[in-house]
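Student: build me a model:
(chains A and B)
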Amino acid sequence: MADWVLKGLRTGIKSTAYPQLPEKASGVSPGRPIGTSLGSAKRAETLAELCPTGAIIRDGRNVTVDFGRCVHCYRCHPDEGDEAVSWDLSYEWAADRDQLAAAKRKLDRAFGRSLYLRFVDAGACGACVSEARQLNNPYYNMHRLGFFTTPTPRNADVLLVAGPVSDAMRIPLRQTYEAMPTPKRVVAIGACALFGGVFGPSFVASGGAAEIIPVDVEVPGCPPPPLAILHALLVVVERKPPTPLASLPSAQSREMA
Amino acid sequence: MSITTQLFALFFVLCGSGAVAAFILPTRWNPISLAVFGTLTALVLLAAGGLLLLGDAEFHAELWPVLSLGVMTLAADRLSALFLFVAGLVFLPVAIFSGSYLVKYLCHYSLRYFNFLYFALFASIVLVLLAGDALSFLVSWEFVSIVSYLLVNFEYKREESSQAAFVMLAMSEAGTIAVAIAFLLVAVAAGSMEFGALRSAAPSLSATMAGAVFLLSFFGFAVKAGLVPVNSWLPLAHPVAPTNVSALLSAVIVNLGIYGIVRFNLDLVPATTSRPGLIVLVIGSVSALIGILYATVESEMKRLLAHSTIENMGIVAAGIGAAMIFLATGHQIVASIALIAATYHLANHSVYKALLFLGTGAVEAGAHTRDLDRLGGIARVMPWTSVFFLIGVMAIAALPPLNGFVSEWLTLQTVLRSVLLSSTPVKIVFAISGAMLALTAGLAVTCFVKVFAMGFLGLARSEGAANAAEVRIGMRTPLALLAAACILLGLLPTYVIPILDRSVMPLTHESATAALVPPFFSLAAQGQEAIPPKFLAEFHDLGAQVGEGLLPGRGLVVLHRGEEHNPVIFAMSTSYMFVALTGILALTFVVFRLATRGRTLARRAVWAGGLRRLWPGITYTATGFSNPVRVIFGAVLHPAAGEDSTEAVAQHFRTAITRDQVEAHIVDRLVLDPPVSGLRWLAAIVRRMHVGNVNAYAAYVLVALLLVLIIGAGIF
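Tutor: Numbering: from 1, shown residues only, chains lettered A, B, ... in the order given. This is a model prediction of the structure:
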């Protein structure tokens, strides 16, 4: 027992410094494709056709990236060939789905350091679940920021949804959302929860959580790294600003698409 | 003839007419006749007991001389009056309840027989309490044993019923033998069977003799009181007996054991050292803990209540043990307080245990099951029964301001008064017992939260519970009476304590009324009672005089005063607590309404883990609720898992796994099983003599004859 305390003191704090300081360790993020100027319309065309989910949109000689639709297949990654977009190794990916509505439903300051999460796996492949689970480990240690999980939605403030919402999970997801007291927020994790991913919309799954319940914050990625989910929670309690989904070089790329 | 003599004569005449009426009236009228005669007898007993308890009436009657053993006498002092009154308090609602309850036995069992036994039991219980000499005590004691055996075995067609009743009779007889020897040992020294003579002969007993007498009598009475380690008959007999008989077993017959301990070991042969008291205290607190432990993990309501009876009798015995120690060490007033606590708890236990047993009977009549795992949702279909049952549950869980709280609190406070004692080992024993009693109180809350939550709330877990209907008014009235008694005994302790004090004063020779109930209502009394005016004034500033002029009596605060440097040792008032709690409840309601005014209330379906429909099979069960206790106290409960049986479809898809878990009672395991297996072992050896050969048997006869001749020659 004494050894245990001593060892703890000797080891010191090993948790990530995020959000006070940016995380510098390598491998915490798979990176994200960002809009790139390719120099020729032909190359831009080829690149856009490479993307299986249509996240890369050609715009003349440039491509813009709708990161919300990216499934991290890496076909456009610089390592995979000459036709590649730029990669950005950031991890603060969480986006506000509807900024107006979010502003209207400002969470109380009291939630800033005590936020209870209810995680619902609505038909996910397991990747998002695995990443979300990392938040409880000593490295990401979400408890230090005042985030806790709860088994019952009656105590939950935030609903974390992963997966495309399979048919079997439609009613349970709806019930979970309704069982939560107001004020409440919904965070959709991963490409599937955002738009159905590679599974939906189809004969067994809908096209994302937003079809069933109102989603407030979206975390793109397939799967998003733990820090991206942590960023989403910080966005919910307004301790970090959200990042837009559509990316450089042109800011209006999404509307144009 | 004095009025009490007339009342007792009337009582026995009514008992006799009740028994005779059972055979004259048509069978279908038997329940009604039991209700009518039972109510009348109980009322007469209450009147007689009340007169003896409150007034200065005395009762003494000589019956007839028996050979050379002396005259059989009946006599009642205030101690017996207290037990008589409590018995009447239980018999009254039980009689009313039986009027509706017994109908279910029509055409199955003979109700004539039941009525006869009921009145025989009632009369013999009263005779035990009235006995004025050892002979009539033992005779009526034996009658109680036999008649209660017959009543427990009323459903004689059921195998388990006969077995349980036989265990009860066997243990009871063992106890009776011990008691009889104890009485005879003292009677030989006294030269008479009369209680007065026994009392005066007690001091002349040698220390060894007094010790033997104590051990024998305590063993014998402990069997009746259901104390560990002679408690095995309670959880066996209660579930098989008709419910009204269970109520009588738990609320009256076990009291006789306590009466025996008090009468014999405090009144007739009081202990001169603190050792007997220590034994009673330790046995009492161990019984309390073991009783409640088994009650907490039990799901069958009647068996649960039987275990809880062991617990409550343990608390009473602990109070009596404390009183014996305080008395032996010369702390008369504290001994009085301890005895008041014990008798108060005894009366309370009788009232709420009768309520709970009759409530269980009502639930069984409505839902056709007593298994908590199969009940549920009874509050919705049987609202009246549930309300009364809730009052009983709160009382037995010792929640203020109900009666269980008052007596358990007093018992714990007296155990804490061990600081007065000089011997350190005794103090340590007191501390451990106090801790055990406190743990008992905690577990009791767990246990009875389980009973009410699993039985009465939630979803119905069986067809019977779902289709239950409220019982008839004849079954609800006795519940209401007992619930009212629970509330009154809880809210007005300052009126009950002086009465109890009067009945235990002959044992301790010192009144504790002044020490427990200060006269806050009458300033005039302060001179006589020697209460410092400053002290009185301080409590009057706190509002201890509220109610003065409205209510008679000395006050509503139970308060034990100490010396100058420690003016208040303990103080409590359930009466004011009730007012305050009601006020807080009302205030909460008002504040809640004000705070939520203008807000819309959203109603959502019950959260069932995302399932489309909540069905009873997945809700929490009583077994599940008590499983943490089962795990924590695994060393004591020692659950042994049996074979798993698996149901499967197509060999691979398991649909159900059934696991039987057997819990042998710790007393059976540690105390009863070793001698039983030893006897079996011995019997197996002796059995080898039975070789089935005639020549061998002839040889045995010859050897036996030779032995007798040799021994005979040696003696003469």
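
Student: pull up the distance across stretch B:594-613, start to finish.
Tutor: Distance across stretch B:594-613, first residue to last, is 35 Å (C-alpha to C-alpha, to the nearest Å).

Student: not counting its own residues, what contacts it?
Tutor: For stretch B:594-613, the external contacting residues (C-beta atoms under 8 Å, 6 or more residues apart in numbering or on different chains) are A:120, A:152-154, A:171-173, A:175-176, A:178-179, A:182, B:614, B:618. Backbone N, C-alpha and C define where each C-beta goes, glycine included.

Student: now which of those residues would you call buried?
Tutor: Listed as buried from the contacts of stretch B:594-613 are A:Val120, A:Pro153, A:Pro172, A:Leu173, A:Gln175, A:Thr176, A:Ala179; burial here means 16 or more other C-beta atoms under 10 Å in any protein chain shown.

Student: show me these that map onto helices.
Tutor: Assigned to helices by DSSP state H, the following of the buried ones among the contacts of stretch B:594-613 qualify: A:Pro172, A:Leu173, A:Gln175, A:Thr176, A:Ala179.

Student: now those in a markdown table, with pLDDT and distance to chain B?
Tutor: As requested, those are arranged in a markdown table below (pLDDT from 0 to 100; distance: C-beta to the nearest C-beta, whole Å):
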| residue | pLDDT | distance to chain B |
| --- | --- | --- |
| A:Pro172 | 92 | 3 |
| A:Leu173 | 94 | 8 |
| A:Gln175 | 91 | 6 |
| A:Thr176 | 93 | 6 |
| A:Ala179 | 92 | 4 |
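
Student: turn those residues into CSV, including distance to A:Pro223.
Tutor: Written out in CSV, the entries for these read as follows (distance: C-beta to C-beta, whole Å):
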residue, distance to A:Pro223
A:Pro172, 21
A:Leu173, 19
A:Gln175, 25
A:Thr176, 21
A:Ala179, 26
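
Student: and B:Ala237, what element?
Tutor: Following DSSP states H and E, the helix or strand that holds B:Ala237 is helix B:233-240.

Student: can I get whichever helix or strand comes after that helix in CSV? Just the C-alpha atoms.
Tutor: With elements assigned by DSSP H and E, the helix or strand that comes after helix B:233-240 is helix B:243-248. Extracted in CSV, the C-alpha atoms of helix B:243-248 (Å, rounded to 0.1, in the frame of the first residue of the first chain):
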residue,chain,number,x,y,z
THR,B,243,-51.4,-17.0,9.7
ASN,B,244,-53.4,-16.1,12.8
VAL,B,245,-51.6,-18.8,14.7
SER,B,246,-48.2,-17.4,13.4
ALA,B,247,-49.2,-14.0,14.7
LEU,B,248,-50.0,-15.5,18.1
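
Student: in helix B:243-248, which residues are buried?
Tutor: For helix B:243-248, burial by neighbour count (16+ other C-beta under 10 Å) applies to B:Thr243, B:Asn244, B:Val245, B:Ser246, B:Ala247, B:Leu248.

Student: quick check: the gap between the third one and B:Leu46.
Tutor: Just to be clear, that refers to B:Val245. Taking C-beta to C-beta, to the nearest Å as the measure, B:Val245 and B:Leu46 are separated by 21 Å.

Student: quickly note the distance from A:Asp66 to B:Gly455.
Tutor: Separation of A:Asp66 from B:Gly455 (C-beta to C-beta) stands at 59 Å.

Student: do the same with B:Glu298
Tutor: Spatial separation of B:Glu298 from B:Gly455 under the definition C-beta to C-beta is 12 Å.
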